[in-house]
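Engineer: Below are the sequence and a predicted model for it; my questions follow.
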Amino acid sequence: MPGPLWDQFAALLPQRPVYDPAHPLGCHRPRISDRIIFDKLLQLLRFGCSYEAIADTTCSATTIRNRRNEWIQLGVFAQLRHIALEMYDRIVGLVLDQIAVDGSITKAPGGGEAAGRSPVDRGKQGLKRSGMTDGYGIPLGRVLAGANCYDSPLLAPTLDLLDELGPLPDAITVHLDAGYDSGKTRTTLDERGLRGRIAHKGEKAPIQATQRWHVERTHAWQNAFCRLARCYERRIEVVNASFDFADTVITVRSLIRRAWTTHRWEGRPRRRP
């Protein structure tokens, strides 16, 4: 998995000299390899440890943060996610006529720009993400807010992310749980020409189960990255970059798994992953 991701990631990075040409003495410590920082960020995302814990003799925690901020300013993480989506759509195909939207609350012990009092964690700081997936569960985007925000007001900005996907099917069905069962939600869907399949309040979920379980599974995939399940980042741009990185891994992993039975390529695993 890290190999193909790094190949595409490296193609998005600008060329930088190993030594700083502006140094007055004509020499300087060599620049830390981008591949080392990439691997450190991937480990950080998966294990959820601190920058100081993941740093070693190859690079310091400050170098990891500085290079991360540099890549965020260049928009590399967002570009990588879009490329992964386009690749998946070209090879397998996104199921865009069936969309699922749902919210998920995670811990945010350090607070931050998008954190708020969590109603399910005794008022501690928490983060809510309103995630959107296609009919299989491929993440299409998310909107971040405080844990004390309701799901319904976040629906409109979440659906607006569909504009970034290019041409869409004529008929799109949005699957929602009972938290969106309101007139405001139906108005939001009608304004965008979308059909809604919304669970009704007061009825048991198994009786009215729809395809919204895809987004719930995707939330579980994202929470497997410990850095997202327990977010210590305070800046919302850093949190979004972490989600973009995780969504890229999820998309590429699903692509390999689904294309295993229909495509052949060099290095293809012997068994379906």
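Structural biologist: Alright, I've got the coordinates. Because the structure is predicted, anything quoted here is derived from the model rather than measured.
Engineer: and stretch 197-211, how far apart are its ends?
Structural biologist: Taking C-alpha to C-alpha, to the nearest Å, stretch 197-211 runs 9 Å from one end to the other.
Engineer: and what of stretch 96-115?
Structural biologist: End to end - C-alpha to C-alpha - stretch 96-115 spans 30 Å.
Engineer: Give the rounded mean pLDDT of it.
Structural biologist: The average pLDDT for stretch 96-115 rounds to 90.
Engineer: do the same with stretch 7-25
Structural biologist: Rounded mean pLDDT across stretch 7-25 is 81.
Engineer: what does stretch 153-172 give?
Structural biologist: Here the average pLDDT along stretch 153-172 is 90.
Engineer: Report all helices and strands that the helix or strand Val174 falls within contacts.
Structural biologist: Assigned by DSSP states H and E, Val174 belongs to strand 173-176. Strand 173-176 is packed against strand 98-107, strand 195-198, with contacts defined by 3 or more C-beta pairs under 8 Å, 6 or more residues apart in numbering; DSSP states H and E. (C-beta placed from N, C-alpha, C; glycine too.)
Engineer: Work out the sheet partners of the shortest one and label each with its direction, please.
Structural biologist: If I follow you right, that is strand 195-198. strand 173-176 (parallel) (DSSP bridges).
Engineer: that older thread, CA atoms only for the strand holding Val174, dumped as PDB, please.
Structural biologist: Output in PDB follows, covering the C-alpha atoms of strand 173-176 (Å, rounded to 0.1, in the frame of the first residue of the first chain):
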ATOM      1  CA  THR A 173     -31.100   9.100  -3.800                       C
ATOM      2  CA  VAL A 174     -29.800  10.300  -0.500                       C
ATOM      3  CA  HIS A 175     -30.100   7.800   2.400                       C
ATOM      4  CA  LEU A 176     -30.400   9.300   5.800                       C
END
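Engineer: what's that strand in contact with?
Structural biologist: 97-102, 155, 159, 185, 189, 194-199, 210-212, 214-215 (C-beta atoms under 8 Å, 6 or more residues apart in numbering).
Engineer: Also stretch 34-50?
Structural biologist: By C-beta under 8 Å, 6+ apart, the list of residues contacting stretch 34-50 reads 2, 5-6, 9-10, 13, 16, 51, 54-55, 58-59, 61, 63-64, 67-68, 225-230, 232, 242, 245-246, 249.
Engineer: What residues sit buried inside it?
Structural biologist: For stretch 34-50, a neighbour-count test (16 or more other C-beta atoms under 10 Å) marks Asp34, Ile37, Phe38, Asp39, Lys40, Leu41, Leu42, Leu44, Leu45, Gly48 as buried.
Engineer: closest to Ile256 among these?
Structural biologist: Leu42 (16.3 Å; C-beta to C-beta).
Engineer: What separation is there between the closest one and Cys231?
Structural biologist: Per C-beta to C-beta, to the nearest Å, Leu42 is found 17 Å from Cys231.
Engineer: likewise Arg258?
Structural biologist: Counting by C-beta to C-beta, the gap from Arg258 to Cys231 is 29 Å.
Engineer: Out of the helices and strands packed on strand 173-176, which is the most enclosed?
Structural biologist: Greatest average neighbour count among the helices and strands packed on strand 173-176 goes to strand 98-107 (a mean of 22), per mean count of other C-beta atoms under 10 Å.
Engineer: how is this structure carved up into domains?
Structural biologist: 2-74, 95-233 (automatic domain parsing).
Engineer: excluding its backbone neighbours, what's nearest the residue nearest the centre of the chain?
Structural biologist: In the chain, the C-alpha nearest the mean C-alpha coordinate belongs to Phe243, at 3.2 Å (C-alpha atoms, centre = their mean). Excluding its sequence neighbours, the residue lying closest to Phe243 (C-beta to C-beta, 6 or more residues apart in numbering) is Arg142, at 6.0 Å.
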